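Asks: sequence first, then the predicted structure, then my questions.
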Amino acid sequence: MIQAVVFDWAGTMVDYGCFAPLNVFMEVFRKKDIAITIEEARAPMGLLKRDHIREILRMERVSALWEECYGQLPEESDVDVLYADFEPMMLAVVHEYAEPIPGALALVDRLRVEGIRIGSTTGYTAEMMAIVTVEAKKRGYEPDHLVTPNDVSAGRPYPWMMYENAAALNVYPMYNMIKVGDTVSDIQEGVNSGAWTVGVVKGGSELGMSEDEVNTCDIDMLKQRMEAVASKFSSEGAHYVIDAIGELDTLIPWINQRIQEGDRP
């Protein structure tokens, strides 16, 4: 039976649309005269932020722009320089992006009534999360456990943060746990850990829309965009995809039934 759910933070439980890191990534590259697109900035979302910068620099268009501007392809030292700019900028604004996504708090309350423990993983550093957790707690969200990439040898897509949650929450085997997130790296983290893995579309980075944009978008256009995100999650191995975070607990009876029948993720 499902004993715990491990949630991602930005774009899954707080910061609708995952805009805090997006804006900072774009500004960091702009300062280096490299105009990255929103799609390029979002593509590696969910990774440890230094790894995120490295992945952007590896993109063919971005690396070509860098070579044109600086006369050579980007190197690891460039990752260091960009991250040195990124971290203080992120620390300065991250407190503004801790508002729980609609449905998240009520979902956690329902899960706890059922005796299900609440874990969490993130692509943010421990220093960033020291700010986010305080602000989220003020707004009513406090998971039972948090693991950051600083606590393990490597962040997503490796499963180590999931294993640390399992140990802290006393959950074993891993198929008694659900991982929920809004990015491809979230899906990979969950699948690699052996947990049931659920992608969430609305509020997430892959959809990349604010709450107002979602609410005012043409119905057919929104459906098309959401289906594209769901398809991407499924192709990465997600066992389920939900439209909104508040729908998660409707899956649990089905997953429990599958577990009882001997099915495994």
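Replies: Happy to help now that I have it.
Asks: drop to CA atoms for contacts and neighbour counts, all remaining ones
Replies: Fine.
Asks: go ahead and produce CSV holding the CA coordinates of the helix or strand containing residue 191.
Replies: Residue 191 is part of helix 184-193, with elements assigned from DSSP states H and E. Written as CSV, here are the backbone C-alpha positions of helix 184-193 (Å, rounded to 0.1, in the frame of the first residue of the first chain):
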residue,chain,number,x,y,z
VAL,A,184,11.1,15.6,-17.2
SER,A,185,13.9,15.3,-14.5
ASP,A,186,11.2,14.7,-11.9
ILE,A,187,9.8,11.8,-13.9
GLN,A,188,13.3,10.4,-14.5
GLU,A,189,14.0,10.6,-10.7
GLY,A,190,10.9,8.8,-9.8
VAL,A,191,11.3,6.1,-12.5
ASN,A,192,14.9,5.5,-11.6
SER,A,193,14.1,5.1,-8.0
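Asks: what packs against that helix?
Replies: Helix 184-193 makes packing contacts with helix 160-169, strand 177-181, strand 196-200, helix 219-235 when contacts are defined by 3 or more CA pairs under 8 Å, 6 or more residues apart in numbering; DSSP states H and E.
Asks: now the angle from that helix to helix 219-235?
Replies: On the basis of axes from the mean of the first three to the mean of the last three CA atoms, to 10 degrees, helix 184-193 is oriented at 30 degrees to helix 219-235.
Asks: quick one: average pLDDT of helix 184-193?
Replies: Averaging the model's pLDDT scores along helix 184-193 yields 98.
Asks: got the contact list for it?
Replies: When contacts are taken as CA atoms under 8 Å, 6 or more residues apart in numbering, the neighbours of helix 184-193 outside the stretch itself are 8, 44-47, 156-160, 162-163, 174, 178-181, 196-199, 232-233, 236-238, 265.
Asks: can you pull out the strands in the chain?
Replies: Ranges of strands within the chain are 4-7, 117-120, 177-181, 196-200, 240-242, based on DSSP state E.
Asks: for the first one, which strands pair with it and how are they oriented?
Replies: Just to be clear, that refers to strand 4-7. According to DSSP bridges, strand 4-7 forms sheet pairs with strand 117-120 (parallel), strand 177-181 (parallel).
Asks: ranges for the helices of this protein?
Replies: Secondary structure of the chain (DSSP state H): helices located at 20-31, 38-42, 49-58, 60-70, 76-93, 104-113, 126-138, 160-169, 184-193, 211-216, 219-235, 252-260.
Asks: as CSV, those with distance to residue 3 and mean neighbour count would be great.
Replies: Supplementary listing: these in CSV, determined by distance: least, CA to CA, whole Å; neighbours: other CA atoms under 10 Å:
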stretch, distance to residue 3, mean neighbour count
helix 20-31, 31, 19
helix 38-42, 32, 17
helix 49-58, 30, 20
helix 60-70, 43, 15
helix 76-93, 34, 15
helix 104-113, 10, 15
helix 126-138, 23, 17
helix 160-169, 9, 20
helix 184-193, 15, 25
helix 211-216, 31, 12
helix 219-235, 23, 16
helix 252-260, 10, 15
